[in-house]
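1. Sharing a model prediction with you, sequence too.
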Amino acid sequence: MSYQPIVPNSGYAGWGFLNRTMASQKAAFVASAEVQTQEAYFREKIGSITSAEDLVADRRLLGVALGAFGLDEDIGNTFFIRKVLEEGSLDGEALANKLSDKRYLAFTKAFGFGNYSTPRTVISDFADEIIGRYETQQFEIAVGDADGDMRLALALQRDLPEVAAKDTSVATKWYTIIGSGSLSSVFQTALGLPPSIASLDVDQQVTIYAQKTEAFYGFSDPGQFAEAGALEKLTRDFFLRSQIDSGGSISSGNAALMLLQGAGTSSFSLLL
């Protein structure tokens, strides 16, 4: 059995503990026999895989490949996976470019079956690249088995700075956030938005997300979350509001929960 991450507390206090012990816990998880066996097989075999057909034919290889992009649950959809990989990403009409779930776009770009005459699987450091992603994603999943909010927060630290740093328009950044299941879930919770917002037209959603973020944090451009302080505040507000929504109590020594925004909008901050 793989090492099971320890999360002794829920909420922001638990997040603090996880952060302090992250390096040692992830190292223990990666060193587990199950993870090491999967990685050894991938290293041994992936260099001989030169087509999407070859990859989907080997369930063990496919498990690591999908697991590196958080797509573990799709392992049974081999026809769909093969089609996404074979069409690649260079053609604007390729399936990966049309899917709202951009994890598949990253997946097909990484393997390159549909983009190049020689796929990226033969590159000398390709196995290390995918295994690095696999370890991160699988650790997040293991943490999520203990506490779902912790998994969302880990994904936030990984994905939001990347979105924020992209040289794209403000609207495009919001489209990416809204199209990500984990990022949109964190923002909905932190901003006090109902899940039903997803049923609105995407441009309406962008307007609402931007207005709420402006009211809570003083800016509407997600690019501002590239700053560590802004990302930490969003993470804190996510945990605090999640606890409130679930009916939990919030306490941390002499910490005080304070209302920072007025005029009908609330942003929570835990003063340590």
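-> Cool, got the structure. Residues are numbered from 1 along each chain as shown.
2. all contacts plus neighbour counts: C-alpha atoms, from now on.
-> Fine.
3. For residue 179, give me phi and psi.
-> The phi and psi values for residue 179, taken as degrees, to the nearest 10, are phi -80, psi -10.
4. what about the residue lying closest to it once chain neighbours are set aside, distance to residue 81?
-> Setting aside the residues directly before and after it, residue 179 is nearest to residue 100 in space (Cα to Cα, 6 or more residues apart in numbering), at 5.7 Å. Going from residue 100 to residue 81 by Cα to Cα, to the nearest Å gives 15 Å.
5. Comparing those two, which residue is more hemmed in?
-> When residue 100 and residue 81 are compared for neighbours, residue 81 comes out ahead with 22 against 15, by other Cα atoms under 10 Å.
6. Against residue 113, how distant is that one?
-> Relative to residue 113, and taking Cα to Cα, residue 81 is found at 12 Å.
7. Residue 52 too?
-> If you go by Cα to Cα, the gap between residue 52 and residue 113 works out to 6 Å.
8. Same question for residue 184.
-> 30 Å.
9. what about the strands in the stretch 151-272 of the chain?
-> Read by DSSP state E, counting those that start in this stretch, the stretch 151-272 of the chain holds these strands, from start to end of the chain: 256-259, 268-271.
10. what's the pLDDT at the residue most central in space within the chain?
-> With distances taken as Cα atoms, centre = their mean, residue 155 lies nearest the centre of the chain, 3.5 Å away. With respect to pLDDT, residue 155 has a value of 95.
11. I figured it was touching residue 138, is that so?
-> No - at 11.4 Å, residue 155 does not count as touching residue 138 under the criterion of Cα atoms under 8 Å.
12. so what's the residue nearest to the centre of the chain up against?
-> 140, 182, 183 (Cα atoms under 8 Å, 6 or more residues apart in numbering).
13. Please produce a markdown table containing the residues you listed, extended by pLDDT and distance to residue 25.
-> As requested, these are exported to a markdown table (pLDDT from 0 to 100; distance: Cα to Cα, whole Å):
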| residue | pLDDT | distance to residue 25 |
| --- | --- | --- |
| 140 | 95 | 11 |
| 182 | 93 | 22 |
| 183 | 96 | 24 |
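14. Would you check that residue 68 makes contact with residue 139?
-> No - Residue 68 is beyond contact range of residue 139, at 10.6 Å (criterion: Cα under 8 Å).
15. what about stretch 3-10, how long is it end to end?
-> Start and end residues of stretch 3-10 are separated by 19 Å (Cα to Cα).
16. Give the buried residues for that stretch.
-> Within stretch 3-10, the residues that count as buried by 16 or more other Cα atoms under 10 Å are 3, 4, 5, 6, 7, 10.
17. Name the SS class of the fifth one, please.
-> Read that as residue 7. Residue 7 carries the three-state label coil when classified by DSSP: H, G, I helix; E, B strand; the rest coil.
18. how near is it to residue 17?
-> In terms of Cα to Cα, residue 7 sits 7 Å off from residue 17.
19. likewise the last one?
-> Per Cα to Cα, residue 10 is found 10 Å from residue 17.
20. Repeat that for residue 8.
-> Look at residue 8 and residue 17: by Cα to Cα, they are 8 Å apart.
21. got the buried residues of stretch 3-10 as JSON lines, with pLDDT columns?
-> Rendered in JSON lines, the data for these read as follows (pLDDT from 0 to 100):
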{"residue": "3", "pLDDT": "85"}
{"residue": "4", "pLDDT": "90"}
{"residue": "5", "pLDDT": "93"}
{"residue": "6", "pLDDT": "93"}
{"residue": "7", "pLDDT": "92"}
{"residue": "10", "pLDDT": "89"}
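22. By mean pLDDT, which helix or strand of the protein comes out lowest?
-> Sorted by mean pLDDT, DSSP states H and E, the helices and strands of the chain end with strand 256-259, the least confident at a mean of 35.
23. that older thread, shouldn't the residue nearest to residue 179 be in contact with residue 178?
-> No - the criterion here is Cα under 8 Å, and residue 100 misses it with residue 178 at 9.3 Å.
24. what's the domain layout of the chain?
-> Using automatic domain parsing, the domain ranges for the chain come out as 11-136, 168-271.
25. Rebuild those domains as JSON lines, extending it with distance to residue 146.
-> Putting the domains of the chain into JSON lines (distance: least, Cα to Cα, whole Å) gives the following:
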{"stretch": "domain 11-136", "distance to residue 146": "11"}
{"stretch": "domain 168-271", "distance to residue 146": "15"}
